[in-house]
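Student: Any chance you can model this:
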Amino acid sequence: MATAIPETARIVIVGGGIMGTGLAHGLVAEGCRDVVLLEKAELTSGSTWHAAGQITHSTSSLTLGKCVDYNIRLYSGDLERESGQPVTWHGCGSLRLAYREDEMDWLRPGESLLKSW
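Tutor: Next up is the predicted model:
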């Protein structure tokens, strides 16, 4: 069911996947009331639908890493305790491979970030 989109909002999140919905949840939990989440169809049906629930610690910044950490805590237990609704969570990890030196150059900053995290 489509809902009218407000003309203005203090915070607009584009993408209703696992990260966007988790971010919206966190902002509302912190007291933000002027939050709009946009998705082209229904929640979790966007461009990453095929990887629904995939959250990787391999991020490009400390800020994104904190968002990832929040979402893992949310979906692995906090949301079920808060809502009383069952949440199926399977923490599974990921692996990134580099075949060429330029790919290693792309991965090295992330390695440093993860070590400091």
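
Student: I'd like to know how many residues surround the closest residue to Gly20 other than its chain neighbours.
Tutor: In space, not counting the residues next to it along the chain, Gly20 is nearest to Ile13; the distance is 4.9 Å by CB to CB, 6 or more residues apart in numbering. Quick note: C-beta positions are derived from backbone N, CA and C, even for glycine. The criterion is other CB atoms under 10 Å. On that basis, Ile13 has 18 neighbouring residues.

Student: which other residues reach stretch 30-46?
Tutor: The list of residues contacting stretch 30-46 from outside it, by CB atoms under 8 Å, 6 or more residues apart in numbering, reads 5-6, 9-18, 20-21, 24, 27-28, 52.

Student: Now do the lengthiest helix in the chain: everything it contacts.
Tutor: The helix spanning the most residues in the chain, taking DSSP state H as the definition, is helix 101-116. Applying CB under 8 Å, 6+ apart, the external contacts of helix 101-116 come out as 57-62, 65, 96, 98.

Student: again, only this time at 7 Å
Tutor: Among residues not part of helix 101-116, those counted as contacts by CB atoms under 7 Å, 6 or more residues apart in numbering are 57-58, 60, 62, 65, 96, 98.

Student: Report the buried residues of the helix or strand containing the residue nearest to Gly20.
Tutor: Assigned by DSSP states H and E, Ile13 falls within strand 11-14. Neighbour counts using 16 or more other CB atoms under 10 Å place Ile13 of strand 11-14 among the buried residues.

Student: Can you name every helix or strand that it contacts?
Tutor: Contact here means 3 or more CB pairs under 7 Å, 6 or more residues apart in numbering; DSSP states H and E; on that basis strand 11-14 packs against helix 18-29, strand 35-38.

Student: Please consider this matter closed, and thank you.
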